[in-house]
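Asker: Whatever this is, show me its structure:
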Amino acid sequence: MTYPDNRSGQPADQPKFRIAHCASRPWDEAVIRGTLSIIEIAVLSVLILATRCANYQNVFVAGNVYFTDADCYARMARVQMCSEHPGLIIRHHDFENFPTGTTPHTTAPLDYLILALSIFLKPFTADAIDVAGALISPLLALFGGWFLWWWSKRMKFRYRWISLIVYAISPILVQGTELGRPDHQSLLILLVAIAICAEWSLQAEAGSVSATDRGSWSVVTGVAWGSAIWISAYESLVLFLLVLVVGALKNPKAIAARSRRIGWLCFVLVIAIALLIERRVPSFSILYSNLLFQNWARTIGELAHVSLANPIWLRWCGYFLLVTPALIWISVVKTRHKSEETTPTFVLALFVATYFLTIWQARWGYFFVLVFALALPRLLEPIKSSAAVWIAFFLSIFPILHDWDERLWPNEADLALRVEQRSELVQLRDLALSLRSSGIRPFVAPWWLSPSIAYWSGQPGIAGSSHESLDGIADSARFFLSGDWQKARQILENHQTAWVIAYNSERVAQNSAEILSQATPTQPLCRVLDKTPGQMPPFLIFAAQNGTCKVYRVVAQ
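Answerer: Residues are numbered from 1 along each chain as shown. The predicted structure follows:
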């Protein structure tokens with residue numbers, strides 16, 4: 001028997017059927033990678049925003065915005081002035097330390113960043129400036145998280161998510177970028193993170209970074225360091241100089257390399273623009289060591305010392321901090337053997353330096369934990385067992401999670417304190433609004449309340465919350481602690497005071513005594529005004545009160 005189309009008489013091959021032909025699979029690797037990236041970014045974003053906005057009940061109260069620190073109200077007063085006078089560069093504060101005022105260390109970039117955000121928010125809220133001030137720091141933290149996600153992926157860190165998780169949940173980094181804290185620290189954390197990452201990439205092996213990439217990273221480094229120093233010529237300048245010195249000691253020729261020149265040009269250009277716009281030399285009064293400053297600094301959390309035995313280190317970093325010295329030692333040994341998977345020397349130097357600086361002043365903790373988070377994936381690289389690393393990491397963050405447990409589910413005493421503080425803020429705002437007028441009518445109040453009262457009332461305060469306001473802070477302390485009414489009246493006349501705001505006399509007396517290094521009198525003026533207004537001095541007239549404060553009008557002589 002023959003088969004069709006087969007002259008040999010042999011059976012033909014069995015027919016083959018193909019249902020469809022696709023040039024490429026719909027779920028190819030690129031689509032899968034893109035989907036995973038979207039999921040990663042979404043998870044990271046939710047984690048960052050959830051931690052930064054955990055305090056929303058303390059920020060959005062009774063339909064108004066309340067900021068977390070006194071300094072934030074001074075910043076928002078600047079933003080309000082910029083909104084009323086577009087293009088204004090504020091070099092002097094008249095609303096604190098009246099009538100002398102202050103020359104602040106704050107600069108223009110964050111003012112106009114908040115103002116730009118408020119313009120975007122105007123269609124959505126009637127209180128755009130305050131809402132922008134509340135949101136700016138979480139948004140900067142979010143941008144920082146996105147950058148670290150992209151950069152760590154580009155660097156192919158094996159344990160990069162450990163870095164991202166620490167960045168997202170560390171309480172100290174959250175505090176620096178939380179909701180309702182429009183402070184320059186949030187922008188500084190972002191810029192320093194970009195600068196360190198760019199410097200790291202720039203110092204990578206020539207074989208893994210092209211000449212074009214090195215030029216791009218050089219530009220990023222110059223712009224980031226220059227902008228950070230513009231924002232604050234304190235922490236950023238110290239970190240920049242440290243990176244520069246370590247780089248010069250390691251390889252002096254690298255600083256003047258051709259790929260670096262464009263970065264130096266960008267750095268000089270940014271600094272020149274900053275000097276041209278600000279028209280003043282940065283203040284280093286934070287380093288003063290007079291007795292008044294030391295007494296005041298002891299009442300400021302960011303300027304407090306952090307002892308080696310303080311458990312807050314573990315609440316910031318987790319138990320991994322305890323093994324970090326061993327990991328650094330392993331990294332140093334690998335560096336001697338020219339290993340490609342080592343932590344750059346300047347990063348290790350920053351880690352050690354910021355650790356000791358944090359012991360000196362707690363405000364350096366932001367940058368210590370930032371460097372810790374950046375270095376951790378590379379320090380863990382020698383450990384090949386991913387399961388062991390991740391198990392150890394999740395066990396190590398128990399102190400961090402315990403801190404969050406106390407924040408999110410406070411005990412009855414802490415919860416009652418939060419409710420009381422929120423009530424005080426609402427009442428203080430109502431009282432401050434009653435001081436509004438078209439004329440200038442300065443007030444004296446406890447220094448930590450002065451910025452918020454000045455912001456709400458539009459009136460200048462005798463005191464302030466910055467170290468530039470120390471003269472006014474001291475005079476307000478002398479007034480409230482005074483047992484001599486004539487001396488108290490002289491202080492009011494020297495500052496052309498129209499209003500006196502009395503607050504919790506125990507707290508005011510204790511703080512004033514600490515600042516002035518003197519004992520509290522038997523019957524200080526703050527106690528009279530708070531407890532027995534019927535015995536007030538004749539140059540004061542009772543004007544108003546609520547559950548938080550009392551207001552007195554100063555009688556002209």
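Asker: got any ranges where the stretch 1-150 of the chain has weak pLDDT?
Answerer: Residues of the stretch 1-150 of the chain meeting the criterion pLDDT under 70: 1-27.
Asker: the helices in the stretch 51-200 of the chain, which residues?
Answerer: 56-59, 70-84, 108-121, 128-154, 160-169, 171-176, 184-202 (DSSP state H, counting those that start in this stretch).
Asker: Residue 352 is nearest to which of these?
Answerer: helix 184-202 (14.3 Å; CB to CB). Placement of C-beta: from N, CA and C, glycine included.
Asker: what mean pLDDT does that closest one have?
Answerer: The pLDDT scores in helix 184-202 average 95.
Asker: What residues sit buried inside whatever helix or strand comes next after it?
Answerer: Using DSSP states H and E, the helix or strand that follows helix 184-202 in sequence is helix 211-231. Buried residues in helix 211-231, counted by 16 or more other CB atoms under 10 Å: 214-231.
Asker: ok, now stretch 319-329?
Answerer: Buried-residue list, stretch 319-329, by 16+ other CB under 10 Å: 320-321, 324, 327-328.
Asker: cool, and stretch 133-152?
Answerer: Buried residues in stretch 133-152, counted by 16+ other CB under 10 Å: 133-142, 144-145, 148-149, 151-152.
Asker: With stretch 35-48 instead?
Answerer: Neighbour-count burial for stretch 35-48 [16+ other CB under 10 Å]: 44, 47-48.
Asker: so which of the helices of the stretch 51-200 of the chain gets nearest residue 535?
Answerer: It is, among the helices of the stretch 51-200 of the chain and with distance given as CB to CB, helix 70-84, at 30.1 Å.
Asker: before we move on, back to that, put together a markdown table for the helices of the stretch 51-200 of the chain, with distance to residue 518 on each row.
Answerer: Listed next are the helices of the stretch 51-200 of the chain as a markdown table, based on distance: least, CB to CB, whole Å:
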| stretch | distance to residue 518 |
| --- | --- |
| helix 56-59 | 34 |
| helix 70-84 | 24 |
| helix 108-121 | 38 |
| helix 128-154 | 37 |
| helix 160-169 | 44 |
| helix 171-176 | 33 |
| helix 184-202 | 33 |
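Asker: Residue 536 is nearest to which of those?
Answerer: Among the helices of the stretch 51-200 of the chain, helix 70-84 sits nearest to residue 536 (CB to CB), with 26.5 Å.
Asker: Let's see that closest one as CSV, backbone CA atoms only.
Answerer: This file holds the C-alpha atoms of helix 70-84, laid out as CSV (Å, rounded to 0.1, in the frame of the first residue of the first chain):
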residue,chain,number,x,y,z
ALA,A,70,8.2,75.2,68.5
ASP,A,71,10.8,75.7,65.7
CYS,A,72,8.2,74.6,63.1
TYR,A,73,6.0,77.6,63.9
ALA,A,74,9.0,79.9,63.3
ARG,A,75,9.5,78.1,59.9
MET,A,76,5.9,78.5,59.0
ALA,A,77,5.9,82.2,59.9
ARG,A,78,8.6,82.5,57.3
VAL,A,79,6.5,80.7,54.7
GLN,A,80,3.6,82.9,55.5
MET,A,81,5.8,86.0,54.9
CYS,A,82,7.0,84.5,51.6
SER,A,83,3.4,83.9,50.6
GLU,A,84,2.5,87.5,51.3
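Asker: what angle separates it from helix 108-121?
Answerer: Helix 70-84 runs at 70 degrees relative to helix 108-121, counting by axes from the mean of the first three to the mean of the last three CA atoms, to 10 degrees.
Asker: Quick one: list the elements packing against helix 70-84.
Answerer: Using 3 or more CB pairs under 8 Å, 6 or more residues apart in numbering; DSSP states H and E, the elements in contact with helix 70-84 are helix 108-121, helix 128-154, helix 450-457.
Asker: Take these and lay them out in CSV including distance to residue 250.
Answerer: Shown next, in CSV, are these (distance: least, CB to CB, whole Å):
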stretch, distance to residue 250
helix 108-121, 32
helix 128-154, 22
helix 450-457, 44
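Asker: Ok, which of these comes nearest residue 39?
Answerer: helix 128-154 (11.7 Å).
Asker: what's the angle from that closest one to helix 211-231?
Answerer: Counting by the same axes, to 10 degrees, helix 128-154 points 150 degrees away from the direction of helix 211-231.
Asker: starting at the chain centroid, how far to helix 128-154?
Answerer: Computed by CA atoms, centre = their mean, to the nearest Å, the chain-centroid distance of helix 128-154 equals 11 Å.
Asker: packing partners for that helix?
Answerer: Short answer (3+ CB pairs under 8 Å, 6+ apart): helix 128-154 packs on helix 29-52, strand 64-65, helix 70-84, helix 108-121, helix 160-169, helix 171-176, helix 184-202.
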